[in-house]
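Asker: take this sequence and fold it.
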Amino acid sequence: MLVDIHTHNPVTPGYTAIRNLTFTEADKILASEEEGFFSLGFHPWHAGDFSTGLMDKLSAWATDNRLVAIGECGLDKNSRASFEVQLPVFKQQIVLSEESHKPLIIHCVGGFNELFRIKKEMNPHQRWIIHGFRGKPELAKQALKAGCALSFGEQFNSESVRITPIDRLFVETDESTLPISGIYHSISMIRNCKVEELTAGQHLLNRFLQKGL
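Answerer: Just a heads-up that it's a prediction; the model follows:
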């Protein structure tokens with residue numbers, strides 16, 4: 001089963017995806033009986049809109065087995081919100097990830113030093129998945145050494161894909177219109193392996209399949 005670890009697109013039959021919701025979508029979907037796998041969090045672009053009330057909502061929704069990951073969240077130097085605003089919002093979501101025993105989907109632009117420092121400081125036990133990773137192998141090595149997993153989408157550095165351990169390599173569409181099968185194929189060609197060997201996403205979801213939706 002091909003698993004799209006992070007997408008903003010509608011999910012089509014034939015594969016399994018973790019769809020990233022907005023708070024507006026979550027209000028409707030998580031109050032319904034709709035089945036699926038979802039993620040939700042405060043994107044660093046919207047850290048300035050953070051409120052205790054919204055965090056309370058996120059914490060309540062995190063008890064739903066359909067919400068299988070917290071995020072995307074993280075740090076972005078291009079956000080209108082300063083790092084001073086972004087950091088506490090990110091840290092609260094790290095705490096929620098730990099309390100709910102759910103992985104963290106991370107968006108990081110220009111803040112990797114701070115990201116690795118926070119990970120060392122907070123010493124989380126849940127998986128951190130850096131989504132849409134396009135960095136060079138030197139940055140990939142730092143992220144892997146810090147204990148992070150990497151998710152690759154339509155655009156990626158081939159050498160970074162090669163050096164990422166198979167159990168920490170995830171595949172995603174994000175906002176791409178390419179089918180997830182095409183991205184899996186590209187990565188399997190670089191890895192010189194069968195698509196079926198790229199199973200990190202399936203192993204992640206198995207935890208939640210065992211609990212039932």
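
Asker: show me where pLDDT drops low in the chain?
Answerer: Counting by pLDDT under 70, the chain has low-confidence residues at 211-213.

Asker: what ranges do the helices span in this protein?
Answerer: Using DSSP state H, the helices found in the chain span residues 23-29, 52-61, 83-100, 112-122, 137-145, 158-163, 180-191, 200-211.

Asker: please tabulate those in a markdown table, including the columns mean neighbour count.
Answerer: C-beta coordinates here come from the backbone N, C-alpha and C atoms, glycine included. Formatted as a markdown table, those follow (neighbours: other CB atoms under 10 Å):
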| stretch | mean neighbour count |
| --- | --- |
| helix 23-29 | 14 |
| helix 52-61 | 14 |
| helix 83-100 | 18 |
| helix 112-122 | 15 |
| helix 137-145 | 16 |
| helix 158-163 | 16 |
| helix 180-191 | 17 |
| helix 200-211 | 15 |
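
Asker: residues in contact with I180?
Answerer: Shown in contact with I180 (CB atoms under 8 Å, 6 or more residues apart in numbering): L2, D4, T7, Y15, A17, V171, E172, T173.

Asker: pretty sure Y15 sits against D4.
Answerer: Yes - using CB atoms under 8 Å, Y15 is in contact with D4, at 6.2 Å.

Asker: so for these two, which residue has more residues nearby?
Answerer: Shown here are Y15 and D4; by other CB atoms under 10 Å, D4 has more neighbours (28 against 16).
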